[in-house]
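Engineer: I would like the atomic coordinates for the input below:
(one chain, ligands or ions: 1)
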Amino acid sequence: MCGIVGAVAQRDIAEILLEGLRRLEYRGYDSAGLAVIDAQGKMGRLRRLGKVQMLADALDQHPLHGGTGIAHTRWATHGEPSEANAHPHVSDYIAVVHNGIIENHEPLRELLIERGYRFDSETDTEVIAHLVHWEQLQGGTLLEVVQRVIPQLRGAYGTVVMDSRDPSVLVAARSGSPLVIGRGVGENFIASDQLALLPVTRRFLFLEEGDVAEVKRRSVSVYDKNGHAVEREEIESKVQYDAGDKGVYRHYMQKEIYEQPLAIKNTLEGRFSHGEVNLSELGEKADDILSRVQHIQIIACGTSYNSGMVARYWFESLAGMPCDVEIASEFRYRKSAVRPGSLIITLSQSGETADTLAALRLSKELGYLGSLAVCNVAGSSLVRESDLALMTKAGTEIGVASTKAFTTQLTVLLMLVARMGRLKGVAPQVEHDIVHALQALPARIEQMLSLDKTIEALAEGFSDKHHALFLGRGDQYPIAMEGALKLKEISYIHAEAYAAGELKHGPLALIDADMPVIVIAPNNELLEKLKSNIEEVRARGGLLYVFADQNAGFTDSDGMKIIQLPHVEEIVAPIFYTVPLQLLSYYVALIKGTDVDQPRNLAKSVTVE
Ligand code: M6R
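Structural biologist: From the prediction side, this is the model:
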């Protein structure tokens, strides 16, 4: 989704801005632009449709010099992807970049047209530029002007404003979309994600909701939503950014699939003691909250929602804990009834997903017992605003299609299930089985990854297909959902997932030789039921790809291709069976020639509704 970078320095900053944008590319965008104030106080602006490289080429042709500037990658919400709609937007000497949505942009646009302003784009952002310009005419510093503009805007956004008549200052405002200030020596920076600034600093201040910051070369002043000066804690970032290096891999997604054994090992590290799960990082208040939990409400979007669906099976079967799961965008807009002693668990790779954050904020008004975030980004809004947090240690995930974030989320959730089970008096053997299965898992996945070539060969069968159906039962049903999501998002093949028992209630009508049916078949107590479902498909001439436990008793036959997988402990089978489905999607996308790491229309971090 949109990305922001800004700088106030003495040196030329165009290259710093550009590098920042490159580091935000993975989030998804359709155009990019930057504006820089030169030594004569003249603002130069460049914008290009397409990749950041197009902007870099333009900058080579038309270099921009100066120490103060702002830059942006845009993911269209209002107005098509085009150069005219790309940021920064200007109003005379004012320039603005903006993430998020200004919901009341239409009445503001009308008001500004009445005031004599002309609009050059279809964006909601341009109203900010003209509003700032209008308020500037009424007097005051840029900070005061922005503070007067903010109450006029409705919506969730992050914005940075620049005035070419005063290159000493940038003003940033956060209202629903994250912004971070990077502290340098004699220079300061602003970005929507710390990753953008890691080449220039590791010292960060995270703006909070409603904050407005005045950023100068030697000072950063932050004001809260009531206009009071506040101190925001400076942290030293430990984030590792290795996005520049795909190593031996062709795509980040492929690299991230292969990183899963290590990501899971890192996620497990330091979290066991004496054969039990140790989540002491939750702090002292955790036991008080967790021991009072009678119900769990999981909230998430996309892949994170699918991991919540798996967790529901685990919480209920392994910890005896009632659990519901809901998509955040549904939860936030319906009137829900809160169960007694209910704990909200939010799941998110980025910790900045707008719907998930909104659902968390809503839950605080509804009387939940507390909130726990499972997240991959330390310092993200979700982590900071939750009572408790457990971090996945997946490392930076660059591919838009989530892979290692999903499997490490499941890893953390299973540890939490063990912890909750102990608090609820579940037999210790259950926790021991969980610990044993988790410890064995990285090696099992390594073994599975050696089947890469077999799965690559299968992908050929999908090259001319337009639809696919994924089937699973029990805790593998959400893995079927995740398999279908991966296939559709990176190969653009329409894919659906069904609980296999639902086949005869409708989807069986779709079965013919053009509809590949992917089945997840671990060797568990549902295997015989699943075999009956497989027969239902075979009898109708369906084309089956069965990812099966090597001991499940399947053999290849007409219309049925068996992918024999090594045996894995049943508890962790959902995590394990995810990996071959990720590989299948990856290889199908390669054959289709789609943009694997940045699929069309998608963004890595969905910070708008
Ligand atoms: O950062 P989050 O986990 O909150 O993101 C939620 C979804 O946007 C995300 O999982 C999305 O579905 C992925 N592209 C799926 O691969």
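Engineer: mind listing what's buried in the helix or strand bottoming out on mean pLDDT in the chain?
Structural biologist: The weakest-scoring helix or strand in the chain, judged by mean pLDDT, DSSP states H and E, is helix 285-291 (a mean of 88). Buried residues in helix 285-291, counting neighbours by 16 or more other Cβ atoms under 10 Å, are found at 286, 289-290. Every C-beta, even on glycine, is put in place using the N, C-alpha and C of the backbone.
Engineer: what's the pLDDT at the residue in the chain that the ligand sits nearest to?
Structural biologist: Per Cβ to the nearest ligand atom, residue 302 is where the chain lies closest to the ligand, at 2.0 Å. Model confidence at residue 302, expressed as pLDDT, equals 97.
Engineer: next secondary structure after whichever strand or helix holds residue 416?
Structural biologist: Here residue 416, judged by DSSP states H and E, is contained in helix 404-423. Counting by DSSP H and E, the next helix or strand C-terminal to helix 404-423 is helix 428-449.
Engineer: now do that next one: everything it contacts.
Structural biologist: Residues outside helix 428-449 that contact it (Cβ atoms under 8 Å, 6 or more residues apart in numbering): 257-258, 260-262, 264-265, 268, 272, 275-277, 318, 407, 411, 414-415, 417-418, 421-422, 565-566, 568-572, 575-576, 579-580, 583.
Engineer: can you show me the CA trace of that helix as CSV?
Structural biologist: C-alpha atoms of helix 428-449 as CSV (Å, rounded to 0.1, in the frame of the first residue of the first chain):
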residue,chain,number,x,y,z
PRO,A,428,0.3,-32.3,31.0
GLN,A,429,0.8,-35.0,28.2
VAL,A,430,-1.0,-32.7,25.8
GLU,A,431,1.5,-29.9,26.3
HIS,A,432,4.4,-32.4,26.1
ASP,A,433,3.0,-33.6,22.8
ILE,A,434,2.7,-30.1,21.5
VAL,A,435,6.3,-29.2,22.6
HIS,A,436,7.7,-32.4,21.0
ALA,A,437,5.8,-31.9,17.7
LEU,A,438,6.9,-28.2,17.5
GLN,A,439,10.5,-29.1,18.1
ALA,A,440,10.5,-31.7,15.4
LEU,A,441,8.7,-29.5,12.9
PRO,A,442,11.6,-27.5,11.3
ALA,A,443,13.3,-30.7,10.3
ARG,A,444,10.0,-32.2,8.9
ILE,A,445,9.6,-29.1,6.8
GLU,A,446,13.2,-29.3,5.5
GLN,A,447,12.4,-32.9,4.5
MET,A,448,9.3,-31.7,2.7
LEU,A,449,11.1,-29.0,0.8
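Engineer: that helix: which residues count as buried?
Structural biologist: Buried residues in helix 428-449, counting neighbours by 16+ other Cβ under 10 Å, are found at 430-431, 433-435, 437-439, 441-442, 444-445, 448-449.
Engineer: same check, this time on stretch 552-563
Structural biologist: Residues of stretch 552-563 classed as buried by neighbour count (16+ other Cβ under 10 Å): 552, 554, 560-563.
Engineer: now, which of those residues lie close to the ligand?
Structural biologist: Taking Cβ under 6 Å from any ligand atom as the test, the ligand is in contact with none of the buried residues of stretch 552-563.
Engineer: from the residues you listed, which land in strands?
Structural biologist: Of those, the ones assigned to strands by DSSP state E are 560-563.
Engineer: and the furthest pair within the buried residues of stretch 552-563?
Structural biologist: Maximum pairwise distance among those (Cβ to Cβ): 14.2 Å, between 552 and 561.
Engineer: quick check: residues of the stretch 251-400 of the chain near the ligand?
Structural biologist: Contact residues, the stretch 251-400 of the chain versus the ligand (Cβ under 6 Å from any ligand atom): 301-304, 348-350, 353, 356, 400.
Engineer: tell me which other helices or strands the helix or strand hosting residue 588 touches.
Structural biologist: Element membership of residue 588, judged by DSSP H and E, is helix 573-592. Other helices and strands packing on helix 573-592, by 3 or more Cβ pairs under 8 Å, 6 or more residues apart in numbering; DSSP states H and E, are helix 252-258, helix 404-423, helix 428-449, helix 452-459, helix 477-491, strand 516-521, strand 543-549, strand 560-565.
Engineer: for it, which positions count as buried?
Structural biologist: 573-590.
Engineer: now do it, average pLDDT.
Structural biologist: 97.
Engineer: what of stretch 199-210?
Structural biologist: On average, stretch 199-210 scores 92.
Engineer: buried ones in it, by neighbour count?
Structural biologist: Applying a neighbour-count criterion of 16+ other Cβ under 10 Å, one finds 200-201, 204-209 buried in stretch 199-210.
Engineer: please save the CA atoms from that stretch in CSV.
Structural biologist: Below are the C-alpha coordinates for stretch 199-210, written out as CSV (Å, rounded to 0.1, in the frame of the first residue of the first chain):
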residue,chain,number,x,y,z
PRO,A,199,20.2,3.0,5.5
VAL,A,200,20.3,6.4,7.3
THR,A,201,19.3,5.7,10.9
ARG,A,202,18.3,3.1,13.5
ARG,A,203,16.8,5.6,16.0
PHE,A,204,13.1,5.9,15.7
LEU,A,205,10.1,7.6,17.3
PHE,A,206,6.7,6.1,16.5
LEU,A,207,3.9,8.7,16.2
GLU,A,208,0.8,7.8,18.0
GLU,A,209,-2.8,8.4,16.9
GLY,A,210,-3.6,12.1,16.5
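Engineer: which residues does it contact?
Structural biologist: Under Cβ under 8 Å, 6+ apart, the answer for stretch 199-210 is 7, 16, 19, 172, 174-176, 178-184, 187, 189, 194, 197, 213, 220, 222, 224-226, 232-237, 379, 384.
Engineer: from residue 118, how far out is residue 78?
Structural biologist: 17 Å (Cβ to Cβ, to the nearest Å).
Engineer: same drill for the two, tell me which one is more crowded.
Structural biologist: Ranked by neighbour count (other Cβ atoms under 10 Å), residue 78 and residue 118 place residue 78 first, with 15 against 9.
Engineer: my guess is that one contacts residue 124, does it?
Structural biologist: Yes: using Cβ atoms under 8 Å, residue 78 makes contact with residue 124 at a distance of 4.5 Å.
Engineer: shared neighbours, the two?
Structural biologist: By Cβ under 8 Å, 6+ apart, the residues touching both residue 78 and residue 124 are 101, 105.
Engineer: now do the contacts for residue 476.
Structural biologist: With contacts defined as Cβ under 8 Å, 6+ apart, the neighbours of residue 476 are 520, 522, 573-574, 577.
Engineer: same thing but 7 Å
Structural biologist: Contacts for residue 476 were tallied using Cβ atoms under 7 Å, 6 or more residues apart in numbering; they are 520, 522, 574, 577.
Engineer: distance-wise, check it relative to residue 267.
Structural biologist: Taking Cβ to Cβ, one finds residue 476 at 21 Å from residue 267.
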